[in-house]
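**Q** When you get a sec, could you give me coordinates for this:
(chains A and B)
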Amino acid sequence: MILIYLIVILLAGAFLAWLAGNWSAVLPRVISLVALGIDLTLLVLILFQTTTFNTKWLIDIQSNWIPQFGIGLHLALDGLSLLMLLLTFFLGIIAVIISWKEINSKVGFFHFNLLLILAGIIGVFISLDLFLFYFFWELMLVPMYFLIGIWGHENRTKASYKFFLYTQASGLLMFISILALYFVHGDSTGIYTFDYNQLLGTQMSPTTAMLIMSGFLAAFLVKLPVVPLHNWLPDAHSEAPTAGSLILAALLLKTGAYGLLRFVVPLFPSATQSFAPIGMALGVLGILYGAKLAFAQTDLKRLIAYTSVSHMGFVMLGIFSFNELAYQGVVMQMIAHGISTGALFIMAGQLSERIHTRDINQMGGLWEKAPFMGAIGLIFAMASLGLPGLGNFIAELLILIGAFKVNVLMSVLACVGLIAATLYSLRILQKVFFGKKNTDWKMNDLSIREKVVSVSLVIIIVVLGLFPQPVFDVAKPSLLKTLERTKSQESGNKTFIMTQPINQSTN
Amino acid sequence: MTNLIVLIPALPLLSFLILVLFGGKLSRKVAGWIGAGSIGVAALLTIIVGISFIKSLPETKSYSVVIWQWLHVGNLTANIAFRLDSLSLVFIFVITFVGFLIHIYSIGFMANDEGFTRFFAYMNLFVSSMLILVLADNILLMYLGWEGVGLCSYLLIGFLYKEPANGAAARKAFIITRIGDTAMIIGIFILFLSFGTFNIQDIMHLASAKWAIGSSLAVITAALLLGGALGKSAQLPLQTWLPDAMAGPSPVSALIHAATMVTAGVYLIARTNVLFSLAPIVQTIIAIIGALTLLIAGFSALAQHDLKRILAYSTISQIGYMFLALGVGAYSAAIFHFMIHAFFKALLFLAAGVVILVLNEEHDIFKMGGLRKRMPVVFWTFLIGSASLSALPLITADFYSKDAILWFAFSSNSGGMVLWFAGIIGAFLTALYSFRMIFITFFGEAKTEPTFNAGKLMTVPLIILATLSVIGGFIELPTSMGNFHLFSNLVNNTLPNIAIKNVEQLEWLFQLISALIASIGIYLAYRFYFKKPAYIEAFNHSRLNHFFEKGFGFDKVYDVLFVKPIVWLAEIDKKDIFDQLNISISRLAIWGNHFLSIAQNGKLRWYLLSFAIGIAFILTLMLTK
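**A** From the prediction side, this is the model:
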């Protein structure tokens, strides 16, 4: 039941916050904090009560919803979803804190939308019924559309349309695929159901599998995003309010990665393997092309948005490498990118609150005014370029080694992305904090509230870099479970794996 | 005893954290002494650990200590673990001891800088990362140190951040070294996937067991690791960042860009020497790169006007000697030269720092002159440093270290006449440019007046380093004169012995030649730059000299080949071609809307006309059937 509580608390908090917004601006913030705090506490309790992560599901609840159509209320938690929930609640709290001073109009409705998005994200991470999953997937969409469209920056309307159209169109393709899978499974077994566990291992011809998979891929690759489906992202990220950018980059993108790991790979093991070379190539394309675009941007938030495209390329590369190293790297990348890019968006928000511009050509020399902010920016720019000792390095290292095992060329090309990341990360630092002051802004360094947020993010990224093992231990069983499904298919479909030059020449 | 090793990098790290967290609340005095003191204690610990290590050499010839398990995924395991052997002992000694002197000097040098605590924080983080680099027992942790020193180098080159040129120099250093590092990490992937471990000792054992000499994988891996070494150690073709790196304050140049970080490449190759012996062709390339680099940098040093840039090119050139030694398998000679070079080059940079500071940031040696009498301590120590750099026979330490390299460049099984000849030309150039500095800076008429006298905090480290630049050489004397091998006996516990041709009786002849060449170089420097004949003045304005001054035009070539195309590529596609596709879809929709709305204009005769055309069209179709 606890999984339902997690969502219900958020939904209740959302409506309460909206209601409370009529009387006070502080109340919705407090309500949101309390709701997220309770959820986080519950989750931490689960974490500490769990003695072993080596079970199939830590929590698994199932009841009927619309039995006539085989739709159930099936929620389950395993290591992977547990990590994602932790990230969601933690960053949700951060999102409320950073909006404390930034959002001053329609405060109640803002927090209503915020909590609703988070509830949708939570639902996505724990649904094991495809219909329910789709419900939560859509639930994330509308409030995010409002968040961008109401509280965004000057070009918010266009950005929110773009976001909505991309996500909605790709979501519909996924819905068609879900229905197709439902009928294919029903026709072959006689059981019409949306239940994940039952749909696993559905027999279908390679062409059918490929077609159905592409619907899922459409939704997840748009969300991740993968070049060339990424164009909603720079607009949405740069026009959204800070909390919106944070949630988009740190959490919403992760639902795409999660969808690939939880649904695409296990449901279509052999189809994904035939798709692997293209998937890896798309990943590398994203890494390099995203970095190249990031290097050219002058709008700070847009720049950071493109770095996300680049970093998510690593996720794509890792997922289609199908081995434990790469998968652990993917999970670590999801968390580390959430923290580090989130922190950069927060910094961009703090800057534009102070100097009312996102144009880096008008910044410069800000270290003198705000050394604390500069130090934070330095740390997260380093995280972004993959400096060892920070979480992102561990993630990218594991993904690159995992990919190297499978496809040397792709991994080496992705390594070039490390150099590209150096170019854009150092450019951020130079343009914002170092060099000459292009405008003599009057600005303060971080307030206590902002320092608490930034320092907590720094601590997490360092801990992830130096003591990453707990994350691996929690995620391991879920990842092995996913990989297990691809292994069983592998014997019949071996051609996708490039021969390993390493092992051959050692003999 | 082994646990003390952990404290050696931990202390500077701790003091870094203290300075970062409480730096604002500490007075400069306290901050400076925390920063320098932590390195001092680390140096003391190094001496204690070192003595006990040498006294009772463990059977494995190393101490190891695991601190915690860093990551364990599938079959991939990496620990935060240190390993001390005689090679890392030499390095940690130089890092902590020379580092301590430079920190003391910095308290005086940076006294009036507004970023005083920030400076010491960065310096401490650097020392800690550098110690991790050389103490790491696995190559992944070593990479952590490797990138850490790169970060600190970046931060310290750009320390005076308000000047955009410093930022550009800092980024250049970071980016060029990162190119090498990326090659190196790919090499690390291959090592891990081939042997299933990151532990350096295990990799070396497995490599010599599993890989044949000259096998393609060994060659590729060695070449990739070499890439990392070339970047960090500023060797051809990745040398261009180091002269610009002089934008950092002088103590930074002394510590990072002379004594320690830039020799990380030497350390890497010495540490993984087994791999290079499996890839003889790569090892030959190292020797050739070393020889070419030492020549190119030597010529470039000869044409510089900026005192620190002369020293920078000199550093590139001297590391070229170390690479030459590594390339011919003379590992202990390379490491010996590293240590001696750390002493005298740190000395030269620190002394140059004093000169520049008291002359109000004047870098151009042609605007100096006559400083001999104004600042005697600096003059004498600088003279000793330059004499050592020029390998003045018998009395300076560098004579013994460079002489060993020159001798092995010829006598090693993989050496030969050509390599030796490059080295000897380089030695001549070294003597020439060293004393060019001396004569132009300290002799002649005074052109700029010193504004104040350097305090003891700055001069005492100079004196200590000058002493070491002289006596440091006596711990390793050639077979032909003294035959005393304290140093090589120590490091040969870790590094392989060199195999030499049967020409031992010729050693004295080669020593004589190199002694002669150094002396001629110094004499010619006196002729050219003290007497200042007209033809030297003419040469100074020649194109060739300009070519030398610009470091053989590498920057320009790279600018055309890499920088401009990348910037161009970024600029033309700033708006993202895929987004333009998007926009054209929406434009198409709008256009379609306009097109169709023309038809719906409410004019009855248009509707009738189109009806008629439609009917006519359908009728024609039906009738012609």
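**Q** host element of residue 8?
**A** Assuming you mean chain A. Assigned by DSSP states H and E, residue A:8 belongs to helix A:2-20.
**Q** Chain B is the one I meant
**A** Counting by DSSP H and E, the element that carries residue B:8 is helix B:2-22.
**Q** again, but for residue B:72
**A** Applying DSSP H and E, one finds residue B:72 within strand B:63-73.
**Q** so how far is that strand off the chain centroid?
**A** 28 Å (C-alpha atoms, centre = their mean, to the nearest Å).
**Q** now stretch B:403-410
**A** Counting by C-alpha atoms, centre = their mean, stretch B:403-410 comes out at 23 Å from the chain centroid.
**Q** Stretch A:91-102 now?
**A** 18 Å.
**Q** burial count for residue A:295?
**A** 24 (other C-beta atoms under 10 Å in any protein chain shown). For every residue, glycine as well, the C-beta is placed using N, CA and C.
**Q** Could I get the contacting residues of it?
**A** A:420, A:423, A:424, A:427, B:566, B:570 (C-beta atoms under 8 Å, 6 or more residues apart in numbering or on different chains).
**Q** so how many other residues sit close to the residue of the stretch 201-350 of chain B at minimum distance from chain A?
**A** Chain A sits closest to residue B:217 of the stretch 201-350 of chain B, with a gap of 4.8 Å, by C-beta to the nearest C-beta. By other C-beta under 10 Å, 21 other residues sit near residue B:217.
**Q** In a strand, residue A:62, correct?
**A** Yes: with DSSP: H, G, I helix; E, B strand; the rest coil as the criterion, residue A:62 is part of a strand.
**Q** residues of the strand holding residue B:72 that come out buried?
**A** When neighbours are counted by 16 or more other C-beta atoms under 10 Å in any protein chain shown, the buried residues of strand B:63-73 are found to be B:63, B:64, B:65, B:70, B:71, B:73.
**Q** Please name the nearest non-neighbouring residue to the third one.
**A** Once its chain neighbours are removed from consideration, residue B:65 has its nearest residue in residue B:2; the separation is 4.8 Å (C-beta to C-beta, 6 or more residues apart in numbering or on different chains).
**Q** what does the second one give?
**A** Computed as C-beta to C-beta, 6+ apart, the closest residue to residue B:64 that is not its neighbour in sequence is residue B:83, at 4.7 Å.
**Q** Can you pull the residues of the stretch 151-300 of chain B lying near chain A?
**A** B:151, B:154-155, B:158, B:161-164, B:167, B:170-171, B:174-175, B:178-179, B:182, B:185-186, B:189-190, B:192-194, B:210-211, B:215-217 (C-beta under 8 Å from any C-beta of the partner chain).
**Q** if you set the cut-off to 7 Å instead, what comes out?
**A** B:151, B:158, B:161-162, B:164, B:167, B:171, B:174-175, B:178-179, B:182, B:185-186, B:189-190, B:192-194, B:210, B:215-217 (C-beta under 7 Å from any C-beta of the partner chain).
**Q** Please check those and keep the buried ones.
**A** Buried among these (16+ other C-beta under 10 Å): B:151, B:158, B:161, B:167, B:171, B:174-175, B:178-179, B:182, B:185-186, B:189-190, B:192-194, B:210, B:215, B:217.
**Q** Please flag which of those sit within helices.
**A** Secondary-structure check on those using DSSP state H: residues within helices are B:151, B:167, B:171, B:174-175, B:178-179, B:182, B:185-186, B:189-190, B:192-194, B:210, B:217.
**Q** pLDDT weak spots in chain B?
**A** By pLDDT under 70, the low-scoring segments of chain B are B:1, B:625.
**Q** is it true that residue A:139 touches residue A:124?
**A** No: using C-beta atoms under 7 Å, residue A:139 makes no contact with residue A:124, being 8.4 Å away.
**Q** sorry, back to before: list the buried ones in the helix holding residue A:8?
**A** A:3, A:6, A:7, A:9, A:10, A:11, A:13, A:14, A:16, A:17, A:18, A:20.
**Q** Which of those sits closest to chain B?
**A** For those, the nearest to chain B is residue A:3 (28.1 Å; C-beta to the nearest C-beta).
**Q** Report the contact partners of the closest one.
**A** Contacts for residue A:3 (C-beta atoms under 7 Å, 6 or more residues apart in numbering or on different chains) come out as A:59, A:61, A:75, A:77, A:126.
**Q** swap the cut-off to 10 Å and go again
**A** Contacts for residue A:3 were tallied using C-beta atoms under 10 Å, 6 or more residues apart in numbering or on different chains; they are A:42-43, A:46, A:58-61, A:73, A:75-77, A:81, A:85, A:122-123, A:126-127.
**Q** show me where pLDDT drops low in the stretch 151-300 of chain A?
**A** Using pLDDT under 70, nothing in the stretch 151-300 of chain A is flagged.
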